[in-house]
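Colleague: just the structure for this:
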Amino acid sequence: MDLRCLIVDDNASYLQAATALLRQEGVDVVGTASTTDEAVRRARELHPDVVLVDIALGPESGFDAARRLAEDSDGTAVIMISTQDETDYADLVAGTTAAGFVSKSDLSARAIQEFLGA
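Modeller: Modelled structure (predicted):
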């Protein structure tokens, strides 16, 4: 699988776990970020195919991060992630440019590919 992924989350242990899981499943996790500014900078440097963005990004909004990433990128897909259930955020996610939402507990290469049509 040639899927380049950037993960944006303020929880360092989750970043490590998600990176390990996705790499095990064949996703090329090219980097991680913990703030919106870092995510935008890393996306410019790394040119990922997809960016996974935590909705609750510390004191920042993951939705704001997703908007900035979409404005700044050229075709990079954004998928929102959270520990909460999809129904908690369905309306908010639908109102963004994000490709979709994946619960952190359901995160997998297959879940990402479903949103990317791969």
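Colleague: all strands in this structure, in order from the N-terminus.
Modeller: 4-8, 28-33, 50-54, 56-57, 60-61, 77-82, 100-103 (DSSP state E).
Colleague: give the pairing partners of the fifth one; include direction for each.
Modeller: Just to be clear, that refers to strand 60-61. strand 56-57 (antiparallel) (DSSP bridges).
Colleague: again with the second one
Modeller: Partner strands and pairing direction for strand 28-33 (DSSP bridges) are strand 4-8 (parallel).
Colleague: just to revisit the earlier point, of all the strands of the chain, which lies closest to Glu71?
Modeller: When these are ranked by distance to Glu71, counting by CB to CB, first place goes to strand 77-82 at 10.7 Å. (C-beta placed from N, C-alpha, C; glycine too.)
Colleague: in a markdown table: the strands of the chain, plus mean neighbour count.
Modeller: Formatted as a markdown table, the entries for the strands of the chain read as follows, by neighbours: other CB atoms under 10 Å:
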| stretch | mean neighbour count |
| --- | --- |
| strand 4-8 | 24 |
| strand 28-33 | 19 |
| strand 50-54 | 26 |
| strand 56-57 | 18 |
| strand 60-61 | 16 |
| strand 77-82 | 23 |
| strand 100-103 | 19 |
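Colleague: which among those strands is found nearest to Ala20?
Modeller: strand 28-33 (8.7 Å).
Colleague: residues in contact with the longest helix along the chain?
Modeller: Scanning the chain for the helix with the most residues, using DSSP state H, yields helix 12-24. Applying CB atoms under 8 Å, 6 or more residues apart in numbering, the external contacts of helix 12-24 come out as 5, 7, 9, 29, 32, 34, 52, 54, 104, 107-109, 112.
Colleague: tell me which other helices or strands the helix-or-strand element of the chain with minimal mean pLDDT touches.
Modeller: For the chain, the helix or strand with the lowest mean confidence is helix 90-94, at a mean of 71 (criterion: mean pLDDT, DSSP states H and E). Using 3 or more CB pairs under 8 Å, 6 or more residues apart in numbering; DSSP states H and E, the elements in contact with helix 90-94 are strand 100-103.
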